[in-house]
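> pasted the sequence and its predicted model underneath.
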Amino acid sequence: MKKKMLLTMLCVMSVGMTSCGKESNHTDAQPTEILSTNETKQQDESKTEALTEEQALEAIKNYCFVQNPDLKDMVDSEEYTIYWDVSTNDKDEIVVLYRSYTGSETRYYIAPVSGETHVTEMVPGVTDEEQDTDESFNVRDYLQ
């Protein structure tokens, strides 16, 4: 009698564990795949449109304000000579020049499609030419 009861319990537990395992795996995998596909589509679509000079300029301003929270007040006060200028160079990169209140000139070189940005800096009277910094980021992260 004990053997029969033990065998019956083992069969019920095996069936129960098998059912739970299959249902759980199937349910988890499908939504993850759909989410990944949707995210990839959105990222691909946003990276195919080239940025305009105006978009790049606004994104760099946003970046500067994030890096230096006091900068917005300094710009608004008009006590400092701070400005940004934007152009496109012969390599079809968008170049945003930021002239800091300290007099240093920071240039942001932006790939219009990907948004990848690398940074150089020059301090007139101290350095004769632009020097690469280790700073790089994607300007699209600062678009609003």
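Thanks, I have it.
> what about the closest residue to Gly125 other than its chain neighbours, how many residues nearby?
Nearest residue to Gly125 in three dimensions, chain neighbours excluded: Gly103, at 7.8 Å (C-beta to C-beta, 6 or more residues apart in numbering). Backbone N, C-alpha and C define where each C-beta goes, glycine included. Look at Gly103: counted by other C-beta atoms under 10 Å, it has 11 neighbours.
> check Leu57 too.
Count around Leu57 with other C-beta under 10 Å applied: 21.
> okay, and the beta partners of the closest residue to it other than its chain neighbours?
Distances taken as C-beta to C-beta, 6+ apart put Val86 closest to Leu57, at 4.4 Å, once the chain neighbours are dropped. Beta-bridge pairing for Val86 (DSSP bridges): Val96.
> please begin residue numbering at 189 from this point
All right, first residue 189 from here; so that's Val274.
> secondary structure element holding the residue lying closest to Thr294 once chain neighbours are set aside?
The shortest distance from Thr294 to any non-neighbouring residue, by C-beta to C-beta, 6+ apart, is to Tyr286 (4.6 Å). Assigned by DSSP states H and E, Tyr286 belongs to strand 282-287.
> what's the first helix or strand after the lowest-mean-pLDDT helix or strand in the chain?
The helix or strand of the chain with the poorest confidence is helix 190-236; it has a mean of 49 (mean pLDDT, DSSP states H and E). Next helix or strand after helix 190-236 toward the C-terminus (DSSP H and E): helix 241-255.
> contact partners of the helix or strand just after that following helix?
Moving toward the C-terminus from helix 241-255, the next helix or strand (DSSP H and E) is helix 259-265. The set of residues external to helix 259-265 that reach it, using C-beta atoms under 8 Å, 6 or more residues apart in numbering, is Cys252, Phe253, Tyr268, Ile270, Tyr289.
> circling back: what are the buried residues along the strand holding Tyr286?
Ile282, Val283, Val284, Leu285, Tyr286, Arg287 (16 or more other C-beta atoms under 10 Å).
> returning to what we had before: for the residue nearest to Thr294, give me its contacts.
By C-beta under 8 Å, 6+ apart, Tyr286 lies in contact with Ile248, Cys252, Tyr271, Trp272, Glu293, Thr294, Arg295, Tyr296.
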